[in-house]
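[1] model this:
(4 chains, ligands or ions: 4)
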Amino acid sequence: MTCQKFAKCLNRRLISEKAKINILRMMYLIREFEIASRKMFKEHQARGEFLGALHNCDGQEAIAASMGAIFRKDDYVFTTFRGHGHSLAKGAEPKKMMAELLGRAAGYSKGRGGSMHMFDPSIGLMGGNGVVGGGLTLAVGAALSAQYRNTDQVCICFFGDGAAATGAFHEALNMAGLWRLPVIYICENNLWAATTPINFGCPIKDISDRAAGYNIPGKSIDGNDVYIVYETLNEAVIKARKGEGATLIECKTYRHHPHCMVMPEHRPKDEKQAWLAKDPISCFENMLLQENILCREEQQKLRKDVRDLVAEAVDYAEKCPLPDVNTLYDYVWA
Amino acid sequence: MTCQKFAKCLNRRLISEKAKINILRMMYLIREFEIASRKMFKEHQARGEFLGALHNCDGQEAIAASMGAIFRKDDYVFTTFRGHGHSLAKGAEPKKMMAELLGRAAGYSKGRGGSMHMFDPSIGLMGGNGVVGGGLTLAVGAALSAQYRNTDQVCICFFGDGAAATGAFHEALNMAGLWRLPVIYICENNLWAATTPINFGCPIKDISDRAAGYNIPGKSIDGNDVYIVYETLNEAVIKARKGEGATLIECKTYRHHPHCMVMPEHRPKDEKQAWLAKDPISCFENMLLQENILCREEQQKLRKDVRDLVAEAVDYAEKCPLPDVNTLYDYVWA
Amino acid sequence: MLKSVLCLMLILYMTMSGRKGAKRYMREITYTVALREAITEEMENDKNVFLIGEDIADFGGVFGVTKGLLDKFGRNRVRQTPISEGAIIGAAVGSAMTGIRPIAEIMYVDFITFGIDQMVNQAAKLGYMSAGAVKVPLVVRAQQGCGTCEAAQHSQQLEAWFMHTPGLKVAMPSDAYDAKGLLKIAIRDDNPVVFLEHRLLYATKQNVPDETWTVPFGKAAIKRKGKEITVVATSFCVHKALAAAEKLSGKIDVEVIDPRTLVPLDIDTITESVKKTGRLLVVHESVTQCGVGAEIVRQVMEKCFRSLKSVPKVLGGASIPMPFSRVLEEKAIPQELDIIETVEKMIKE
Amino acid sequence: MLKSVLCLMLILYMTMSGRKGAKRYMREITYTVALREAITEEMENDKNVFLIGEDIADFGGVFGVTKGLLDKFGRNRVRQTPISEGAIIGAAVGSAMTGIRPIAEIMYVDFITFGIDQMVNQAAKLGYMSAGAVKVPLVVRAQQGCGTCEAAQHSQQLEAWFMHTPGLKVAMPSDAYDAKGLLKIAIRDDNPVVFLEHRLLYATKQNVPDETWTVPFGKAAIKRKGKEITVVATSFCVHKALAAAEKLSGKIDVEVIDPRTLVPLDIDTITESVKKTGRLLVVHESVTQCGVGAEIVRQVMEKCFRSLKSVPKVLGGASIPMPFSRVLEEKAIPQELDIIETVEKMIKE
Ligand SMILES: Cc1ncc(C[n+]2csc(CCOP(=O)(O)OP(=O)(O)O)c2C)c(N)n1
Ligand SMILES: Cc1ncc(C[n+]2csc(CCOP(=O)(O)OP(=O)(O)O)c2C)c(N)n1
Ligand SMILES: [Mg+2]
Ligand SMILES: [Mg+2]
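    Residues are numbered from 1 along each chain as shown, chains lettered A, B, ... in the order given. Ligands and ions are numbered 1, 2, ... in the order given. The predicted structure follows:
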């Protein structure tokens, strides 16, 4: 699969030009955020400051950005430890995120959460999770809540190929199928779970094949192709909103960096090379240039704007004070 | 499905006449054991003595008895809280079982285990489990042990339709599929999990359909038909012994009594009536009479012998002393 | 000798558990009915309250607590689930995060092990990790206890685990009055609450007021006034302690305190009592090591070390998996006689 | 001010952890290498020993303990699994029931929650429930600890839960010597052992003997002799306690005891020390409520109540989910300075 394949995609017509530009912009934002966060972490580490674990999602932006373009503000998103992209796409503020990454008082969780734990229920961001598969059963609950209250809200739960092996996957999808819940399970299959290749974790080719065991439709798609992701997800969202139940979507994708910042690269070079060539951002960029929706200048301006925004966020975060230690016991109880 | 259907079954030739009689005898033994255990429990309860929970398996004998006819002594069996049948079929002694049911010092677990916890590793009986789905992952381990030691032992794990909803089911079958373990998962789908009907617990018709998600063959069969169970299980055992991996078998069956002794009946009368007409014992009896392997007299003698055996076991158990309370701390540590 | 010992005990406790001086109440209800009333009233008051759990709908729960609620509230509000403790608690947590107020039922606390990630890594931590952006107004009702010969996998008592997990509140009512009053408050609480019921208490009866009532969290009940020794007991052991105190009365004047909630723990009521009596005995069925008793001893130590006349003691469950046979089970947990003997020994010390 | 506090601390402790009077040893190894040596030697000695866990094979474990073992022992003996903690522990238990001696690795103890049924309802109970017919010779190695800013879901410390679960042995080595010596014994033990390693200890170095060695379970180590106060500390806190004792030396003579195993617990060594010093302080990172400290206080109370000169104290983790930000995390667990201040206060009491 190369960038050429995009050209054959019919579903490009589904999305307005403006929406396409917004998706590209969101992909840039996510990428720049990840680049900047790594840089920031390295600088702090060089000064001997621990900042915990940093799991970046460069390479997986097509999925988050498509979700962002489809989802309503009152829809729910549960993400993972690799959740910056999903959070930004759901509308989280880069400043408050960056501040949280540095454990500052102005961060999303006032320094209590860090990279893996950022929440904003007011925009439907139900948080990251440090537990692999941790969001799977919680998403059942949020979807159940929508059904219970008879709203047309939809819930998306992101999880990795690794999480597909957890017992929680089974229990969650079984309930989602039984109760026809408005929940969409998106498996971002990036072929690796930490240092474990997918074939060590899963004995079948397509994880979406498991959907049949829960009476749920399942699809495995190219997760680096915005159009395909958009169309598949959009269809699932429409179904869920209509009360027609859950969907399991497996997006094949790849992360451009090691599992987390402190871990060395252990994946085969050629595999990585091949996937870098399928970078969702350059593919989509080329697409939009070809479609004449975008010109080089606009593209460069778009990227620069986003870069500036992220730089500002870093600046802001660095200047924020750390939490007052006397607030240690705040927020234990509601 | 009625008894007539048995006649069409080809696989009757697979089993020797002697083996058939043994299977019938084992089915009688299980049935008589269950009848006697209920009676014993009622008597004790009438005297105000608690004896914990008693889960009987009347109606599901075809499965256990077929397993007993196929399995070697060194094969492993993990059973459930409803495990008297499996234990007897694996070769457990009625006396020691009955004594354990009464919490006596001479029982299998010296009064520490009770009905749900009887073990005899020397005959491959790896015990019951009070936890629904509790044996599912343990069976992975016993099968892994066989593979690790490069023996041709096979492991069977029994579980209920209710247990098919547990996360353990997923994790266990995933590992069994990944590692091609010599393990056979037998789901005794008796349509109810305590008071929960199968369609409240499972959104698909055949639980064996889930096997595909683990790259394992799956079959759903009539669990009341000895010949069908025998053939299906035998094939799975042969495969497993040859190192060709796991199988998931769903046996549709029905328990003749409520979930456990203290619980009232809550299932629809007509459903129960229909299944009583498909009682695996009378069906198999008729079969053997038709095949001229058995005559009425032999049949009655067989049943009486077994009944006497069970009566002896009850007698023995009732006379056994209770455990010495000074042994309370024995066996906490190996 | 062993015949019906348990049954007799049960009847004894049932009779005694009608609170003294409460005779003005005309209504007698069981612990089970008390719980059901609490749930019913809160569901009537707040349409966001719903039930989720195994066997809770048509059958009304294996211990009968939710009997009749399906008819009253329908399937949307009484959600019977597959056997998936992880998804039951997870779904409860997820819906609580969106403002719903679920009450999850776990049939035996032993099986909360399958939802312990959801309980401990999620429910207990979400509020703090989000600096209050997320609330988890959740009640997990679970049943525990010994005394019915159900062996090791159905006899765990896990209040100490939950008390060791910051972010969870823990309630353990010992009678119908407290059961109803505490459960109503638990349902209204914006934090996750683990609500632990005792198997042998369900059938116990008590006179209660005609009007409804609540019992606050963090307020211990002095179930019996006394001057010479403080016995802190939880759940079913409260009744054993009261029976022991009754037997000792005339000889030794025993004060019996039931903390009712372990988180928050009303340590002040306990320390005041110990300052008065100079002696502390904690009684519970759960294992002694790292248990609730050890924690109470630690806290009492810090607050009234100098007032103590004898070594503070804990009578807890034996350090063994719970055996099946009733003679062994009886021996494995504190009995009335053990309490009497220990109190007598402590007084002599 | 906050810059590299943790790093400095780490280096300090690493330097100190070379045991005094052990200078005759030529070989210096890390805690990580010590663990690896124990596993390697036991796998060489007994072909029934095998490894199972996440990321343990090609990568050698996220903390590097099993590095190189795949090459040495092959895939049959070094089983890398999917992310299925329930099946990892379950498979370990099941194979142990058949005579195999598995060593399971759980990456963070937080995630043992998913295998806690297998650990607590199965491994811990099978031996007793079967009256010894079944043995579960199993080691579950898990890593825990604070100090690396990984927030609430990666900072749990669960030794108290396991100590509260009869049937489990629990080891918590604080240095390379003990790590190797205890792990070898754990692997040879016929009972399930929970082996808890501390994240910050992996890189610490120590001089060790050329010949191999073992450390028995149930034998505490007096890591520093002293006369005026007994400080019992576990895991990484042993080093904080030793550093505090060093700072106090000349002023207050502190004895530091590391129980090394919590089950069995060498209460005799502790009580002997308390009888001598008359003062007890327990220090651990895990939560204070219903924790190991409370249990040690309870037991010491029973055995040497009359010898106590001051209130026994526990310095444990704060009753909050562990916060991410390092300033908060530092404040949430006992630090050297807290130990110094508490000891000074206790001596004055
Ligand atoms: C229950 C649990 N087990 C183990 C871990 C440690 N861990 C963190 S991320 C990870 C790999 C996750 O892989 P995957 O689900 O594919 O997500 P990805 O990292 O590829 O986005 C592991 C094993 C954890 N956080 N939670
Ligand atoms: C993990 C767990 N949850 C709940 C229970 C309570 N329980 C005991 S048996 C049972 C129903 C089991 O149904 P199924 O698996 O179909 O087996 P069957 O009783 O039909 O043989 C339940 C819910 C339990 N023992 N373990
Ligand atoms: Mg992955
Ligand atoms: Mg069933």
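[2] On the three-state scheme, the residue of the stretch 151-300 of chain C found nearest ligand 1 is what?
    Nearest residue of the stretch 151-300 of chain C to ligand 1: C:Thr165, at 17.2 Å (CB to the nearest ligand atom). All C-beta atoms are positioned from the backbone trio N, CA, C, and that covers glycine. Here C:Thr165 is recorded as coil under DSSP: H, G, I helix; E, B strand; the rest coil.
[3] if I read this right, it contacts D:Val287, doesn't it?
    Yes - counting by CB atoms under 8 Å, D:Val287 is a contact partner of C:Thr165 at 7.5 Å.
[4] burial count for residue 116?
    By default, I'm working from chain A. A:Met116 has 30 neighbouring residues, counting by other CB atoms under 10 Å in any protein chain shown.
[5] I was after chain C.
    Other residues lying near C:Ile116 total 24 when counted by other CB under 10 Å.
[6] residues contacting the residue of the stretch 151-300 of chain C closest to ligand 1?
    Residues near C:Thr165 by CB atoms under 8 Å, 6 or more residues apart in numbering or on different chains: C:Met119, C:Val120, C:Ala124, D:Val287.
[7] For the nearest residue to C:Gly147 once chain neighbours are set aside, give its distance to B:Gly113.
    Once flanking residues are discounted, C:Gly147 sits nearest to C:Leu200: 4.8 Å by CB to CB, 6 or more residues apart in numbering or on different chains. The gap separating C:Leu200 from B:Gly113 is 22 Å, by CB to CB, to the nearest Å.
[8] thinking again about what came up before, and which of the contacts of C:Thr165 is nearest to chain A?
    Nearest to chain A out of the contacts of C:Thr165 is C:Ala124 (CB to the nearest CB; 9.4 Å).
[9] about what we covered before: show me which of C:Leu200 and B:Gly113 is the more surrounded one.
    Neighbour count, other CB under 10 Å: between C:Leu200 and B:Gly113, B:Gly113 has more, with 33 against 21.
[10] sorry, back to before: the residue nearest to C:Gly147 touches C:Gln144, doesn't it?
    No - at 10.4 Å, C:Leu200 does not count as touching C:Gln144 under the criterion of CB under 8 Å.
[11] Can you show me the strands along chain A?
    A:76-78, A:155-160, A:183-189, A:192-193, A:196-197, A:218-222, A:247-252 (DSSP state E).
[12] and if you look at the stretch 51-200 of chain C?
    Assigned by DSSP state E, counting those that start in this stretch, the stretch 51-200 of chain C shows strands spanning C:78-80, C:101-106, C:139-144, C:169-171, C:193-198.
[13] closest one to A:Tyr331 among these?
    Ranking these by proximity to A:Tyr331 (CB to CB) places strand C:169-171 first, at 15.0 Å.
[14] before we move on, back to that, would you turn the strands of the stretch 51-200 of chain C into CSV with distance to B:Lys239, mean pLDDT and mean neighbour count?
    Formatted as CSV, these follow (distance: least, CB to CB, whole Å; pLDDT from 0 to 100; neighbours: other CB atoms under 10 Å in any protein chain shown):
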stretch, distance to B:Lys239, mean pLDDT, mean neighbour count
strand C:78-80, 38, 98, 24
strand C:101-106, 39, 98, 27
strand C:139-144, 42, 98, 26
strand C:169-171, 50, 98, 25
strand C:193-198, 46, 98, 27
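[15] Distance to chain D added to the ones you listed, as JSON lines?
    Listed next are the strands of the stretch 51-200 of chain C as JSON lines, based on distance: least, CB to the nearest CB, whole Å:
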{"stretch": "strand C:78-80", "distance to chain D": "22"}
{"stretch": "strand C:101-106", "distance to chain D": "12"}
{"stretch": "strand C:139-144", "distance to chain D": "13"}
{"stretch": "strand C:169-171", "distance to chain D": "10"}
{"stretch": "strand C:193-198", "distance to chain D": "13"}
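[16] of all those, which lies closest to D:Val193?
    Evaluated over the strands of the stretch 51-200 of chain C, closeness to D:Val193 peaks at strand C:139-144, with 26.5 Å, by CB to CB.
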